[in-house]
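Peer 1: Sequence and predicted structure are below.
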Amino acid sequence: MDGNFKTYNWMSSSTRIREILDAGAGDFVETDDLPPRDRLTYGNGFYGQCGAVFVDIRGSSGLASQYQRPRLAKIYRAFISEMVAVLNGNKHVREVNIVGDCVWAVYNTPLQSDIDGTFERAYVANTLCELLNRRFAQHDIAPIRIGIGVDWGRVLMIKAGYDGSGINDVVYMGDVVNRAAHLAHKAGRSYQDPIWAGADFYFNLNPHNKDLLHQWHDRELGSVYRGTVVETLMYDWINRNF
């Protein structure tokens, strides 16, 4: 969100806080599909089920000391550009966001089969990492590793920001988003599997996709399901062309 300077007034701030806290319960709708963001106001919200995918670069803090700024910018631009393209490539995508070196997305899942579609975005993202690394090698850039976290569950979608300023955004609140972020943070470290899925997500996959993952107990997250899964047509194309 772009800033647009306005002097801060704590008395006005106090009034806004009171108005927010004194407001009625508002219009919070249970829905199978999370709606477009233009249906959100500062007084409503939507509860629904969704899939979430988070993709993080492992060891990204070391990239700044490893490369000069022009090359570093190219690495991030290539990664973010194409991860956004991958995560946006499902018809049920509701939101794609960029936070630093993390790209994440939320997907509507009105049908159980749509959860498999969310999983497909995760393993295409993993295959994209291979494509990026082949291209990086052509420019003497060391390979990157990524962590991908996926989960499914209930979320609250609201509009939040400074009313009247034009500075606002859609916020997704719920365990599914937090857990997918934590799974991505853990995945791909110390050469572990790059895709980590939560239990609710795993148990809604079809049998074929379940077989691509194996159970793992993490000290902090409990039971998770991990795998190194690729999109085979894409992976074969990469091997033929690089």
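Peer 2: All right, it came through fine. Given the structure is predicted, the values throughout are model-derived calculations rather than measurements.
Peer 1: Any stretches of the protein with poor pLDDT?
Peer 2: Low-confidence segments of the chain (pLDDT under 70): 1.
Peer 1: Regarding it, what is its longest strand?
Peer 2: strand 145-162 (DSSP state E).
Peer 1: This structure: strands as residue ranges?
Peer 2: Counting by DSSP E, the strands of the chain are 27-31, 44-58, 93-99, 102-108, 145-162, 167-173, 195-197, 214-218, 222-227.
Peer 1: quick one, the last one and strand 214-218 angle?
Peer 2: Between the direction of strand 222-227 and that of strand 214-218, the angle (axes from the mean of the first three to the mean of the last three Cα atoms, to 10 degrees) works out to 140 degrees.
Peer 1: List the buried residues for strand 222-227?
Peer 2: Buried residues in strand 222-227, defined by neighbour count with 16 or more other Cβ atoms under 10 Å: 224-227. Any C-beta I mention is one placed from the backbone N, CA and C, and that applies to glycine too.
Peer 1: So what are the sheet partners of it and their directions?
Peer 2: strand 195-197 (antiparallel), strand 214-218 (antiparallel) (DSSP bridges).
Peer 1: next one: the second one
Peer 2: The pairing partners recorded for strand 44-58 under DSSP bridges are strand 27-31 (parallel), strand 102-108 (antiparallel), strand 145-162 (antiparallel).
Peer 1: what does the first one rub up against?
Peer 2: Strand 27-31 has contacts (Cβ atoms under 8 Å, 6 or more residues apart in numbering) with 43-48, 156.
Peer 1: One more pass at 7 Å, please.
Peer 2: Strand 27-31 has contacts (Cβ atoms under 7 Å, 6 or more residues apart in numbering) with 43-48.
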